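Asker: can you look at this prediction? I've put the sequence above it.
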Amino acid sequence: MIVCSCNVLTDTAIRTACHAERPRTTGEVYGCLGCSPQCGRCARTIKSIMDQALGGNCSNGCSVCPAAAAATTLDAAVSATPAPVPAEAA
C-alpha cells in the first residue's frame, strides 16, 4: 500500500529500508529511500511501520521481515516431518 503519496513510498519499501539500513528517524527512512519529506502527513504512519519492523512485530505476510522468514522456514520444516507410524503397523 502507498504510504506517502508525495514520494510514492510503499509500506514494503519502508519495511525493507528498516531491515536493511536500521534508520532511527522518519527522516532517515526518506534518506534510505532516496527522497525527502514533502508535506509530512505520512510521518506518523512511517513511524508506526518503523516501530513494527524494527520491533519484530511485522504483520503476518511481511515478506521482508526476518521474523517472518524464520517462521516460514519453521513451518516448512514442520510440514516436511513425516507422521509417526503406529506401533501396531510396524
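Answerer: Yep, it's here.
Asker: what residues sit buried inside stretch 6-22?
Answerer: Buried residues in stretch 6-22, counted by 16 or more other CB atoms under 10 Å: 7, 9, 11, 13-19. All C-beta spots, glycine's among them, are computed from the backbone N, C-alpha and C.
Asker: Gly31: which of those is nearest?
Answerer: Distances from Gly31 to these, taken as CB to CB, are shortest for Ala17 (9.0 Å).
Asker: got phi/psi on Thr16?
Answerer: Backbone geometry at Thr16, expressed as degrees, to the nearest 10, gives phi -60, psi -40.
Asker: what about it, distance to Ser5?
Answerer: 19 Å (CB to CB, to the nearest Å).
Asker: quick check: which ranges of the protein have low pLDDT?
Answerer: For the chain, residues meeting the criterion pLDDT under 70 lie at 57-90.
Asker: number of residues surrounding the residue nearest to Ala43 when sequence neighbours are not counted?
Answerer: In space, and not counting its chain neighbours, Ala43 is closest to Thr26: 4.9 Å by CB to CB, 6 or more residues apart in numbering. Residues near Thr26, counting by other CB atoms under 10 Å, number 20.
Asker: Thr26 touches Ser36, doesn't it?
Answerer: No - using CB atoms under 8 Å, Thr26 makes no contact with Ser36, being 10.8 Å away.
Asker: those strands in the protein, which residues are they?
Answerer: Using DSSP state E, the strands of the chain run over 2-4, 9-10.
Asker: redo those strands as TSV? Include distance to Asp51.
Answerer: Formatted as TSV, the strands of the chain follow (distance: least, CB to CB, whole Å):
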stretch	distance to Asp51
strand 2-4	14
strand 9-10	16
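Asker: show residues contacting stretch 29-47.
Answerer: 3-7, 9, 13-14, 17-18, 20-21, 23, 26-27, 50 (CB atoms under 8 Å, 6 or more residues apart in numbering).
Asker: buried ones in it?
Answerer: Buried residues in stretch 29-47, defined by neighbour count with 16+ other CB under 10 Å: 29-30, 32-33, 37, 42-43, 45-46.
Asker: now do it: distance from first to last residue.
Answerer: Stretch 29-47 has its terminal residues 9 Å apart, counting by CA to CA, to the nearest Å.
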